[in-house]
Structure formats: structure tokens, C-alpha cells
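[1] when you get a sec, could you give me coordinates for this:
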Amino acid sequence: MQSDTRLAFASLIVMLLVASCNENDAVPTACGVRDPVNNLPWLNQKIKSFQSGYGPMELYQYTYNDTNVFVFYSPVQSCLECESYGCSGNKIYWMDYRKQSDFMDKRRNKRLLWRSQ
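    Predicted coordinates:
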């Protein structure tokens, strides 16, 4: 009887621990690295450049066509995807409305990686 109580108690603890975990609390992985904000040098440099004088900025990570895309977004500017980059740091230009629309429709796994202070 005592072992049943211990087992029930242990099961309850495990369930509470699992339930308290939030997917956004996990350290993100992108482009083959853990914590891309700190471990992708080009992304870290870009964030540093936005920390001075750009106003509020946010960095989101998406999955699009099985690849990671990083999007810097400013809530006070009138651009949909202000600056978008691939894993290598190459800027993605959404000059063609159809390409941008395709990205907007097919992007998945939105994750906020960084927000300016």
C-alpha cells in the first residue's frame, strides 16, 4: 500500500514538472547551432547594430520550406518583414509580392528570439 502511494506521488511530481515546461522556455536551435542569438556571429552582430538608435525591434525565427529564416521586425515601421535572413546571414529580399505572400502563408514555428529594451 505504501509503495502504491509513493508511486502515485512520484507520478504526480513528474506530471507537474512536464506540465510546467513551456516550449518557449527551451533554448532554441537553428541552423545547426544551439542558441543562435549568441552562437551565430553574424546574427549576434546584427542584434548589436539594432541595439543603438533603431527604436523597438524584435527578432523572430520561422521555418519556411524546411529551412530557418530570421526576421527582424519593428512594430513602429510600416514594413511587413523589415529584414529577413537565411542561416548564412544572407539577406532575403521579398521584392516579388508572390514570394513574400508565399512566405507569409507557409512560414511555421514562429519563435521570438530577441526584443530590444
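
[2] and the helices in this protein?
    With helices called from DSSP state H, the chain shows them at 2-20, 36-39, 41-50, 97-106.

[3] kindly check the end-to-end length of stretch 30-41 for me.
    End-to-end distance for stretch 30-41: 13 Å, by Cα to Cα, to the nearest Å.

[4] I meant stretch 56-71, not that one.
    Start-to-end, stretch 56-71 (Cα to Cα) is 14 Å.

[5] also stretch 46-64?
    Rule used - Cα to Cα; the end-to-end distance of stretch 46-64 is 21 Å.

[6] list the buried ones in that stretch?
    46-47, 50, 57-62, 64 (16 or more other Cβ atoms under 10 Å). (C-beta placed from N, C-alpha, C; glycine too.)

[7] cross-check the contact I'm expecting between P28 and T63.
    No - using Cβ atoms under 8 Å, P28 is not in contact with T63, being 11.6 Å away.

[8] which residues does V37 contact?
    With contacts defined as Cβ atoms under 8 Å, 6 or more residues apart in numbering, the neighbours of V37 are 28, 43-44, 47, 59, 113-114.

[9] any chance of a markdown table for the residues you listed, columns pLDDT and distance to D102?
    Shown next, in a markdown table, are the contacts of V37 (pLDDT from 0 to 100; distance: Cβ to Cβ, whole Å):
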| residue | pLDDT | distance to D102 |
| --- | --- | --- |
| P28 | 87 | 24 |
| L43 | 97 | 24 |
| N44 | 96 | 29 |
| I47 | 93 | 27 |
| L59 | 94 | 21 |
| L113 | 96 | 23 |
| W114 | 95 | 25 |
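
[10] pull out the buried residues from those.
    28, 43, 47, 59, 113-114.

[11] of these, which is the nearest to M95?
    L59 (21.9 Å; Cβ to Cβ).

[12] nearest residue to that closest one in space, please, no chain neighbours.
    Distances taken as Cβ to Cβ, 6 or more residues apart in numbering place W114 nearest to L59, at 4.1 Å, with adjacent residues excluded.
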